[in-house]
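**Q** pasting a predicted model and its sequence here:
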Amino acid sequence: INYHQSPDKQEDMTEKIDTYCKALNSLAEQYDSPVIRYNKYLVWTYRHEILMEYEKMLVVISDAQEYINGYPEYYQSKQITHLYLKKLTAYLHLQDGKGLLEIPALLDAYTKGNKNWYTFQAYHFLLAMHTQNYERASEVYNEVVGFSKFSKADSEIHDKWEIFNYYLNYAIDYLYQGFRDLKQEQIKVFKVKKFLAQKPLFPKHQRIYIVHLATVQ
């Protein structure tokens, strides 16, 4: 909770989280409790994330997956999907395309159309883009915006995928080296002149989108 509420005080959190990690290790040795184990894995994941140790993050989460697979009756889907989001975050920071190979199995844990599914697919899209897998990025984009209930999603989700559409079209036009005609596969038609004439209008809490829009223009 402190980590998420005070991201500007991450240095102060390091000493505290080390204490929590050691305590949870000790508790896990004393008690064979799925609750303690889950929190142990989660806190260690946060520790490595704070220190930007993304390879170690992946090791911890893989250990957690192996343990959870052995005791599935003790865990709710939201606990599992939270760890999977963290795993994809680590791959994204590392810009490691191996993460794309794991995604099909991880996606099975998500309910299509819920908030976590959109978040996971956003990381999926970004990982594909950062590893220059523009065909995969195009497929993810089409799957999300072509989802039958996408029109009912929150406005922020729509805005995010609109920004993704801008970057994807730039990538297809100027960076893509493949043989497929990804333009023909796009569900949404992209009109360059209309886009370049667009003036950024987003609420204050979404001002990062203004930066993205200006960047792509």
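**A** Here it is on my side, so go on. Numbers count the residues shown, from 1 in each chain.

**Q** quick one: Lys98 from Trp117, how far?
**A** When Cβ to Cβ, to the nearest Å is the yardstick, Lys98 and Trp117 sit 22 Å from each other. C-beta coordinates here come from the backbone N, C-alpha and C atoms, glycine included.

**Q** to clarify, my last question referred to Asn133.
**A** The span separating Asn133 from Trp117 equals 20 Å under the rule Cβ to Cβ.

**Q** could you do Leu85 as well?
**A** The value you get for Leu85 to Trp117, if Cβ to Cβ is used, is 10 Å.

**Q** and the helices in this structure?
**A** Secondary structure of the chain (DSSP state H): helices located at 2-5, 10-30, 34-50, 54-70, 77-94, 98-107, 115-130, 134-145, 155-174, 182-185, 192-196, 207-216.

**Q** and the residue nearest to Glu156 when sequence neighbours are not counted, how many residues sit next to it?
**A** Nearest-residue entry for Glu156: Gln206, 6.8 Å, with adjacent residues in sequence omitted and distances by Cβ to Cβ, 6 or more residues apart in numbering. Here the count is done by other Cβ atoms under 10 Å, and Gln206 has 16 residues near it.

**Q** got the confidence number for Gln206?
**A** pLDDT for Gln206: 78.

**Q** for the residue most central in space within the chain, which non-adjacent residue is spatially closest?
**A** A centroid search over the chain (Cα atoms, centre = their mean) returns Tyr123, at 3.1 Å, as the residue closest to the centre. Closest residue to Tyr123 apart from its sequence neighbours, by Cβ to Cβ, 6+ apart: Leu88 at 4.3 Å.

**Q** again, but for Gln121
**A** Of all residues not flanking Gln121 in the chain, Val144 sits nearest, at 5.2 Å (Cβ to Cβ, 6+ apart).

**Q** same thing with His212?
**A** Taking Cβ to Cβ, 6+ apart as the measure, His212 lies nearest to Ile163, with 4.9 Å between them; neighbours along the chain are not counted.

**Q** Thr111 now?
**A** The spatially closest residue to Thr111, leaving aside those adjacent along the chain, is Trp117, at 6.2 Å (Cβ to Cβ, 6+ apart).

**Q** and for the one you found, the neighbour number?
**A** By the measure other Cβ under 10 Å, the count of residues near Trp117 is 17.

**Q** contacting residues around the residue nearest to Tyr166 when sequence neighbours are not counted?
**A** Sequence neighbours aside, Val216 is the residue nearest to Tyr166 in space, at 4.3 Å (criterion: Cβ to Cβ, 6+ apart). Taking Cβ atoms under 8 Å, 6 or more residues apart in numbering, we find Val216 in contact with Ile163, Tyr166, Tyr167, Tyr170, Phe195.

**Q** give me the buried subset of the residues you listed.
**A** Ile163, Tyr166, Tyr167, Tyr170 (16 or more other Cβ atoms under 10 Å).

**Q** can you tell me how far the residue lying farthest from the centre of the chain sits from Ile36?
**A** No residue in the chain sits farther from the centre than Gln30, which is 34.1 Å out by Cα atoms, centre = their mean. According to Cβ to Cβ, Gln30 stands 9 Å off from Ile36.

**Q** rewinding a little: which of the buried ones among the contacts of Val216 lies closest to Met52?
**A** Within the set of the buried ones among the contacts of Val216, Tyr167 lies nearest Met52; the separation is 24.3 Å, counting by Cβ to Cβ.
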